[in-house]
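[1] Coordinates for the following, if possible.
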Amino acid sequence: MAIPVNRKQYYVYIMTNKINTVLYTGVTSDLKKRIWEHKEKVIDGFTKNYNINKLIFFEIYNDPENAILREKQIKAGSRTKKVELIIGINPEWKDLYDKL
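    Sure, this is the predicted structure:
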C-alpha cells in the first residue's frame, strides 16, 4: 500500500483577543490563511465582533474526522480546560502566527 505524498493536514486552533478574555476554537485545513482571515476581519462573525486576533494554541491532525472531533471536545470543555491546554504549550499566551 502506497503512502500518499503531500498529505493534507488539519488544524484545531484556539485564538483570543488582545487582553485574553475571549477564547475561540476552530478547525481548518489551511491554518496560516485562516488565522490571517481572522486577523484581517475578512469574515463576519464571532471573531470579528469580539476582536479575536491572536493565535495561542494549535494541534495538527492527518484527517478531518479526528480534527473535527477534537474541536468539538475542546469547545465542550470549560474555560479552565482550555486555559490548561494553552498554558501547556504557550504559557505566556504569545501570538504564534508569526511562527507558522
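[2] number of nearby residues for residue 74?
    20 (other Cβ atoms under 10 Å). (Glycine included, C-beta is placed from N, CA and C.)
[3] quick one: low-confidence parts of the protein?
    Applying pLDDT under 70 to the chain flags the ranges 1-6.
[4] The residue nearest the centre of it and residue 69: what is the separation?
    Centroid-nearest residue in the chain, with Cα atoms, centre = their mean: residue 13, separated by 1.3 Å. For residue 13, the distance to residue 69 (Cβ to Cβ, to the nearest Å) stands at 15 Å.
[5] go on, residue 37?
    23 Å.
[6] Tell me the bridge partners for the residue nearest to the centre of the chain.
    residue 26, residue 58 (DSSP bridges).
[7] Now do the same contact list for it.
    By Cβ atoms under 8 Å, 6 or more residues apart in numbering, the residues touching residue 13 are 25-28, 31, 34-35, 55, 57-59.
[8] From these, pick the one nearest residue 83.
    Nearest to residue 83 among those is residue 57, at 9.9 Å by Cβ to Cβ.
[9] Would you state the strands of the chain in chain order?
    10-16, 23-28, 54-61 (DSSP state E).
[10] Of all these, which one is nearest residue 91?
    strand 54-61 (10.4 Å).
[11] Could you give the separation of that closest one from the chain centroid?
    The chain centre lies 4 Å from the centre of strand 54-61; the measure is Cα atoms, centre = their mean, to the nearest Å.
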